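Colleague: Sequence and predicted structure below; questions after.
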Amino acid sequence: MNEKQRAGEEAANYVQNGMIVGLGTGSTVYWTILEIARMVKEGLDIKGIATSTNTEILARENGIPLLSLEEVSSIDLTIDGADELTEDLTLIKGGGGALLREKIIAYHSTHMIVVADSNKFVKKLGTFPLPVEIVPFGYLKTINALKKFGCQTAIRKKDGSFYVTDNGNYIVDCQFGEIDYPSTLHDNLNQVPGVVDNGLFIGYAAKAIIGQESTITYVEK
Ligand code: 5RP
């Protein structure tokens with residue numbers, strides 16, 4: 001079993017009958033979703049809230065009943081992946097382009113569990129370029145403003161065209177190198193007009209389940 005599968009499947013054990021469950025996006029939480037689907041077939045009664053169109057399709061195909069965010073008053077537990085995480089459970093997310101919906105859903109969740117393979121667990125964030133979601137209007141100006149924070153920028157592309165998020169926006173991947181002050185950077189980036197949000201998730205996750213070759217590491221706050 002690979003690390004992603006080990007972490008992903010383990011997280012499904014935290015899902016209990018009657019819960020509203022935020023379903024993250026990516027190749028690690030993929031395994032969580034399949035495991036939850038298996039549990040649903042065996043009688044588990046939950047409703048999922050998808051963080052992306054891809055996850056919505058995966059969940060529906062596998063028989064997990066879904067609700068929209070508007071239909072629930074709160075979410076009991078969200079399980080999602082990360083591109084990098086540190087000991088204090090600060091995360092970089094958005095490698096899969098779903099950071100905005102992921103953050104909205106994490107914000108409205110009572111608990112968030114992160115699932116990741118061991119490569120994602122780092123001393124300091126920033127090796128992975130920080131994804132920043134920006135609106136298309138004035139995007140070159142927005143990118144120039146982002147550069148002033150000391151990063152190298154690359155607008156994300158897919159099949160030769162700009163990658164477009166589920167929200168109709170672009171993603172700029174910002175390479176900062178080591179991020180010393182994630183909270184300050186988060187707030188500064190989000191103050192640039194045209195920036196919708198960035199992939200720093202601070203204070204959301206209470207637990208991380210990190211898959212390793214033959215074991216699992218748990219990081220808790
Ligand atoms: C999507 C994300 C993913 O959770 C993140 O990219 C991790 O993905 P994976 O589990 O495939 O490594 O933030 O926007």
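Modeller: Cool, the structure landed.
Colleague: Thr165 contacts Leu100, correct?
Modeller: Yes: between Thr165 and Leu100 there is a contact at 6.7 Å, judged by C-beta atoms under 8 Å. C-beta coordinates here come from the backbone N, C-alpha and C atoms, glycine included.
Colleague: Overlap in contacts, those two.
Modeller: Residues touching both Thr165 and Leu100 (C-beta atoms under 8 Å, 6 or more residues apart in numbering): Glu133.
Colleague: Could you report the neighbour count for Leu189?
Modeller: Leu189: 22 surrounding residues under other C-beta atoms under 10 Å.
Colleague: looking at it, it is touching Leu146, isn't it?
Modeller: Yes: using C-beta under 8 Å, Leu189 is in contact with Leu146, at 6.9 Å.
Colleague: who touches both of these two?
Modeller: 132, 174, 195.
Colleague: ok so the first one is a strand residue?
Modeller: Spelled out, it's Val132. Yes: judged by DSSP: H, G, I helix; E, B strand; the rest coil, Val132 forms part of a strand.
Colleague: got a pLDDT number for it?
Modeller: Per-residue pLDDT puts Val132 at 98.
Colleague: contacting residues for it?
Modeller: 94, 146, 171-174, 189, 195, 197-199.
Colleague: ok so, going back, and of the shared contacts of Leu189 and Leu146, the nearest to the ligand?
Modeller: Val132 (12.4 Å; C-beta to the nearest ligand atom).
Colleague: partner residues bridging the closest one?
Modeller: Using DSSP bridges, the beta-bridge partners of Val132 come out as Val172, Asn198.
Colleague: could I have the lengthiest strand in the chain exported to PDB, CA atoms only?
Modeller: Counting residues, the longest strand found in the chain (DSSP state E) is strand 109-117. Extracted C-alpha coordinates of strand 109-117, given in PDB (Å, rounded to 0.1, in the frame of the first residue of the first chain):
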ATOM      1  CA  SER A 109     -16.000  22.800   9.500                       C
ATOM      2  CA  THR A 110     -15.900  21.900  13.200                       C
ATOM      3  CA  HIS A 111     -12.800  19.700  12.500                       C
ATOM      4  CA  MET A 112     -10.300  19.300   9.700                       C
ATOM      5  CA  ILE A 113      -8.100  16.300   9.200                       C
ATOM      6  CA  VAL A 114      -5.200  16.600   6.700                       C
ATOM      7  CA  VAL A 115      -4.100  13.500   4.900                       C
ATOM      8  CA  ALA A 116      -0.600  13.400   3.300                       C
ATOM      9  CA  ASP A 117       2.300  11.300   2.300                       C
END
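Colleague: Parallel or antiparallel, which strands does that strand pair with?
Modeller: strand 75-81 (parallel), strand 207-211 (parallel).
Colleague: That strand and the ligand, any residue contact?
Modeller: No: under the criterion of C-beta under 6 Å from any ligand atom, the ligand is not reached by strand 109-117; the shortest gap measures 6.8 Å.
Colleague: Now do that strand, average pLDDT.
Modeller: 98.
Colleague: Then stretch 1-20?
Modeller: Mean predicted confidence for stretch 1-20 is 97.
Colleague: List the buried residues of that stretch.
Modeller: 3-12, 14-15, 19-20 (16 or more other C-beta atoms under 10 Å).
Colleague: Show residues contacting that stretch.
Modeller: 21, 27-32, 34-36, 39, 44-49, 67, 72, 74-77, 79, 113, 115-119, 209-213, 216.
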